[in-house]
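K.L.:
return atomic coordinates for the entry below.
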Amino acid sequence: MKLECTQCGARIAVTSPDAFASCTYCGARAVIEGFSGASYYHRPVLTDQDALRKFPPGTAASVSLYWFPYDPDSLAGVFTQPYPEMENYTPPSADRRVWDSGSALGTVIPPDPDLTGERGVIYHPFLVVMNASSGQGTMVDAVSGGIPGVVPAAVSSDDFKPLEESMKAFFRGVVPALVIFFLLRGVSLFWAAVLGMAAAIFIPELYPRIRGGDK
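P.N.:
Model prediction:
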């Protein structure tokens, strides 16, 4: 593939689909538009601090931004090498923007020319969090916050007991509200109702903290 320099008009030989190419004659940098298709990227939503909050304090050593190439239509991975944790992961659609030099902060994973064809690519952002003790990295989707390769634990229906949960809600919220209402109704019916409603709303939230986080 050859790209025409927008500054001096020279033909630049491009041997790999990197994000940019430099003219060997005048040194100008040019955006490679994905093999006659445009190159795009998904705008990150999460920050480094958002990614760090997903791990216990003190366990992360560093956070780095990586851009992985995907097919712009199917969002199938078009990486140059396999990544086991990404095999069954499809990134979410997000705010799509045209790839430019300002988007290249971080590490860009080059796409496979045999997989991109003429369609171009869309780069999806991941925050790689390095573990301080093991030195291993965990990828966090910078758009959705999901962790590729980690399947969320399913909640069993056996763990939910409607009668027990209803009784907990009653005693945590309704009972304190009724107690406050009957204690204050002789003083002020209005304030008894207001404070009773406040107790029904806020006491269930305070209860787990009073019990040391046990909900």
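K.L.:
quick one: pLDDT of A192?
P.N.:
Looking at A192, its pLDDT reads 69.
K.L.:
my bad, should have said S188
P.N.:
pLDDT, S188: 77.
K.L.:
again, but for F171
P.N.:
pLDDT for F171: 64.
K.L.:
now for A61: which residues touch it?
P.N.:
By CB atoms under 8 Å, 6 or more residues apart in numbering, the contact set of A61 is M130, N131, A132, G135. Where you see a C-beta, it was placed from the backbone N, CA and C, and this is true even at glycine.
K.L.:
one more time with 6 Å
P.N.:
M130, A132 (CB atoms under 6 Å, 6 or more residues apart in numbering).
K.L.:
that one should be in a strand, yeah?
P.N.:
Yes. Under DSSP: H, G, I helix; E, B strand; the rest coil, A61 sits within a strand.
K.L.:
any idea how far it is from V128?
P.N.:
A61 sits 11 Å away from V128 when distances are taken as CB to CB, to the nearest Å.
K.L.:
ok, G77 next?
P.N.:
Applying CB to CB, the value for G77 to V128 is 16 Å.
K.L.:
again with F79
P.N.:
Look at F79 and V128: by CB to CB, they are 14 Å apart.
K.L.:
same question for A51.
P.N.:
Separation of A51 from V128 (CB to CB) stands at 9 Å.
K.L.:
these two: which is more packed in?
P.N.:
Set side by side, A51 and V128 show more neighbours around A51, with 24 against 18, by other CB atoms under 10 Å.
K.L.:
can you tell me which residues contact the more buried one?
P.N.:
By CB under 6 Å, 6+ apart, the contact list for A51 reads V63, L127, V129, V140.
K.L.:
so what's the last one bridging to?
P.N.:
V140 forms beta bridges with L127, as assigned by DSSP bridges.
K.L.:
and it, what does it touch?
P.N.:
V140 neighbours (CB under 6 Å, 6+ apart): A51, L127, I147.
K.L.:
check what pLDDT C23 gets.
P.N.:
pLDDT, C23: 65.
K.L.:
also M1?
P.N.:
You'll see M1 listed with a pLDDT of 45.
K.L.:
neighbours of S188, how many?
P.N.:
S188 has 11 nearby residues by other CB under 10 Å.
K.L.:
sorry, slip of the keys, the one I care about is G120.
P.N.:
Quick note: G120 (other CB under 10 Å) scores 22 neighbours.
K.L.:
test my guess that it contacts S39.
P.N.:
Yes. Contact between G120 and S39 holds when scored by CB atoms under 6 Å: they sit 5.3 Å apart.
K.L.:
for this protein, give me the ranges with low pLDDT.
P.N.:
Along the chain, the parts satisfying pLDDT under 70 run over 1-6, 10-25, 27-38, 101-104, 117-119, 151-174, 177, 192, 196-197, 199-215.
K.L.:
spatially nearest residue to W191 (excluding sequence neighbours)?
P.N.:
Distances taken as CB to CB, 6 or more residues apart in numbering place L184 nearest to W191, at 5.9 Å, with adjacent residues excluded.
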